[in-house]
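[1] I'd like to go over a predicted model; first the sequence, then the structure.
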Amino acid sequence: MATAIPSIACIGVIGRNNNPLHISIFPSYDPSTKSFAPVRNPLQFSLLLSSTLDVFELRSRSNTTSALGLSGDFGLLHAVDERLAAYGFETNTGTKFVVIVDMRGRRIDGSVAAGLVNESREKRLGAAAVGLREGEMKPVFKAMQTAYIKLLQNPFFDPDEHSPPAGRGGKKITSKRFAEDMRRIGENWTPGVTNL
């Protein structure tokens with residue numbers, strides 16, 4: 001028996017002036033073809049990431065004094081459809097991290113689940129088939145923020161070059177190390193993981 005659990009379908013980093021800085025797309029399991037492929041094309045994911053900007057704007061205006069506004073964790077931004085959901089985090093500098101989760105993106109075989117040594121991991125995988133609990137994305141956002149801080153500490157990286165005043169465009173993040181960190185985060189996250 002195969003069980004489908006949530007996986008990350010897309011990670012996006014959006015600059016303080018709402019310009020895209022980085023997008024990583026991950027394949028999801030397709031039960032009809034029994035293969036892995038992205039559930040949307042790059043343009044569709046780009047549009048999904050852009051659609052979250054209005055939610056960030058509305059929530060930041062209405063929650064300026066609440067704990068939500070201070071922590072930066074916006075949680076579930078919106079459910080895209082029955083399969084995809086967008087989660088968000090905003091740094092104190094206005095950079096936004098968006099993670100689109102595919103609720104049926106990873107396949108776990110029954111033989112794999114039965115062979116798990118750690119019983120608590122098996123329970124987490126079973127519970128993950130139902131949906132995500134609040135706080136499941138916190139390790140993802142913490143790891144993304146850590147990778148972004150490492151990028152900012154690079155003396156050759158100029159953040160103003162990537163987030164110019166509105167209307168002037170901007171460069172995307174081209175750091176291989178940052179892209180590898182995003183890839184690692186997206187590939188290693190499963191519900192219940194506490195450290196990436």
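    Now that the structure is in, tell me what you want to look at.
[2] and the most centrally placed residue in the chain, what are its bridge partners?
    By C-alpha atoms, centre = their mean, the mean C-alpha position of the chain lies nearest to Val99, the distance being 2.1 Å. Beta-bridge pairing of Val99, defined through DSSP bridges, involves Ile11, Tyr87.
[3] Val140 is in contact with that one, correct?
    Yes: using C-beta atoms under 8 Å, Val99 is in contact with Val140, at 5.6 Å. (Each C-beta comes from the backbone N, C-alpha and C, glycine too.)
[4] intersection of neighbour lists for these two?
    Contact with both Val99 and Val140 is made by residues Ile8, Tyr87, according to C-beta atoms under 8 Å, 6 or more residues apart in numbering.
[5] from the chain's centre, how far out does stretch 4-12 sit?
    Here the centre of stretch 4-12 is set off from its chain's centre by 7 Å, with C-alpha atoms, centre = their mean, to the nearest Å.
[6] Restrict it to CA atoms and write it as CSV.
    Extracted in CSV, the C-alpha atoms of stretch 4-12 (Å, rounded to 0.1, in the frame of the first residue of the first chain):
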residue,chain,number,x,y,z
ALA,A,4,0.9,10.1,-0.2
ILE,A,5,2.2,12.7,2.2
PRO,A,6,2.8,16.4,1.8
SER,A,7,6.0,17.6,0.1
ILE,A,8,7.3,21.0,-1.0
ALA,A,9,6.4,21.8,-4.6
CYS,A,10,7.9,25.3,-4.8
ILE,A,11,10.0,27.6,-2.7
GLY,A,12,10.0,31.3,-3.5
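[7] quick one: the strands in this protein?
    Here the chain has its strands, by DSSP state E, at 2-14, 20-25, 28-30, 35-37, 73-79, 84-90, 96-109.
[8] Redo those as JSON lines? Include mean pLDDT and distance to Ser46.
    Converted to JSON lines, those look like this (pLDDT from 0 to 100; distance: least, C-beta to C-beta, whole Å):
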{"stretch": "strand 2-14", "mean pLDDT": "89", "distance to Ser46": "8"}
{"stretch": "strand 20-25", "mean pLDDT": "94", "distance to Ser46": "7"}
{"stretch": "strand 28-30", "mean pLDDT": "85", "distance to Ser46": "17"}
{"stretch": "strand 35-37", "mean pLDDT": "86", "distance to Ser46": "18"}
{"stretch": "strand 73-79", "mean pLDDT": "87", "distance to Ser46": "16"}
{"stretch": "strand 84-90", "mean pLDDT": "93", "distance to Ser46": "13"}
{"stretch": "strand 96-109", "mean pLDDT": "87", "distance to Ser46": "11"}
